[in-house]
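Undergrad: output the structure for:
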Amino acid sequence: MTKLVVEDLAKTYGDPAEGGVEAIRGISFDVREGEFVCIVGPSGGGKTTLLRCLCALHGRSGGRIELDGRDVTEPPPEIAAVFQDYSRSLMPWFTVRRNVELPLKNTVKDAKERAERVEWSLREVGLAGMGDRYPWQLSGGMQQRVAIARAVAYRPEILIMDEPFASVDAQTRAGLEDLTLAVRDDVGAAVLLVTHDIDEAVYLADRVVVLSSRPATVMEIVEIDLPRPRDQLDTKALPRFAEYRKHILELIRATSGPDPVAGPDPLTPVHGWEPT
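TA: The predicted model follows:
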């Protein structure tokens, strides 16, 4: 069942006649119920703009965004977001428990139910017993777990994540990837995650949406046919994993490589590819 439909989405900052910046152009894809979709593309290509349009934090210049058949014109209650800079998204003067409870204040009126949901979400991210600590008492990876717990406590139908692991070390990042997969399975929410890390996208996703350089367009949507559950060592050692990684990297290099005036058109997608 399709949850989110994006059709011919466009966003331009400013007046095009006065040198406005066209960030995204004609983007179309969908997100199915319970699906994990990753978005990759060159740096500065409009990926964050796309996510902000999907959350209705930015207005769109054209196209259509529908959630369960409804036009998205304001931030929908079915969507929760986790952003890269966890240090700025958490209130340092609030305990972990109060940070997680914050978005529930207006949606869950019963105090006992709120408390139960907070404790459940902290257990989901491996932070049981940490509710009385403050963010500044936690490592970077644990702070990002708090941010994920806050989104999970909201019980979203779609969890949007904008490079959520970019600010942590490699070992912590691998742990957070596996945590996100486990939470997705437990909660049943669809996940839409932006990342610059191609290995991460292939490891996590059911499908990878590959965007071009600005203005961002969809070059290709790659179906990731790798067995689940996935494992950091076994999955990444599969020959098929390497094939997916190589193909996506070639697409991104094509769009961020040659000058489009002097070289081949960098927005031309690669068709007819299928891993052996």
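
Undergrad: all strands of the stretch 101-250 of the chain, in order?
TA: With DSSP state E, counting those that start in this stretch applied, the stretch 101-250 of the chain shows strands at 158-162, 190-194, 207-211, 218-223, listed in chain order.

Undergrad: right, so of those strands, which gets closest to Tyr244?
TA: strand 218-223 (6.6 Å; CB to CB). The way it works is simple: take the backbone N, C-alpha and C, and place the C-beta from them, glycine included.

Undergrad: which other helices and strands contact the closest one?
TA: strand 21-32, strand 207-211, helix 239-256 (3 or more CB pairs under 8 Å, 6 or more residues apart in numbering; DSSP states H and E).

Undergrad: re earlier: can you add distance to Val146, mean neighbour count and mean pLDDT and give the strands of the stretch 101-250 of the chain back as a markdown table?
TA: Converted to a markdown table, the strands of the stretch 101-250 of the chain look like this (distance: least, CB to CB, whole Å; neighbours: other CB atoms under 10 Å; pLDDT from 0 to 100):
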| stretch | distance to Val146 | mean neighbour count | mean pLDDT |
| --- | --- | --- | --- |
| strand 158-162 | 14 | 23 | 93 |
| strand 190-194 | 18 | 25 | 96 |
| strand 207-211 | 28 | 24 | 97 |
| strand 218-223 | 32 | 18 | 97 |
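
Undergrad: make CSV from those and add distance to Tyr13 to it.
TA: CSV is the format used below for those (distance: least, CB to CB, whole Å):
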stretch, distance to Tyr13
strand 158-162, 18
strand 190-194, 18
strand 207-211, 17
strand 218-223, 20
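
Undergrad: any low-confidence regions in this protein?
TA: For the chain, the stretches flagged by pLDDT under 70 are 257-276.

Undergrad: just the helices in it please.
TA: With helices called from DSSP state H, the chain shows them at 47-54, 86-89, 96-101, 111-124, 140-153, 170-187, 198-204, 239-256.

Undergrad: nearest to Arg25, of the ones you listed?
TA: Comparing the helices of the chain against Arg25 with CB to CB, the closest turns out to be helix 47-54 (10.9 Å).

Undergrad: out of the helices and strands packed on strand 218-223, deepest packed?
TA: Compared across the helices and strands packed on strand 218-223, strand 207-211 shows the largest average neighbour count, a mean of 24 (mean count of other CB atoms under 10 Å).

Undergrad: list the contacts for the residue nearest in space to the middle of the chain?
TA: In the chain, the centroid-proximal residue (CA atoms, centre = their mean) is Leu193; its distance is 1.6 Å. Going by CB atoms under 8 Å, 6 or more residues apart in numbering, Leu193 touches Phe36, Val37, Cys38, Ile39, Ile160, Met161, Asp162, Pro164, Thr180, Ala201, Leu204, Ala205.

Undergrad: how close does it sit to Glu18?
TA: Here the criterion is CB to CB, to the nearest Å. By it, Leu193 lies 35 Å from Glu18.

Undergrad: and for Met161?
TA: Counting by CB to CB - Met161 and Glu18 are separated by 34 Å.

Undergrad: one more: Glu101?
TA: According to CB to CB, Glu101 stands 45 Å off from Glu18.
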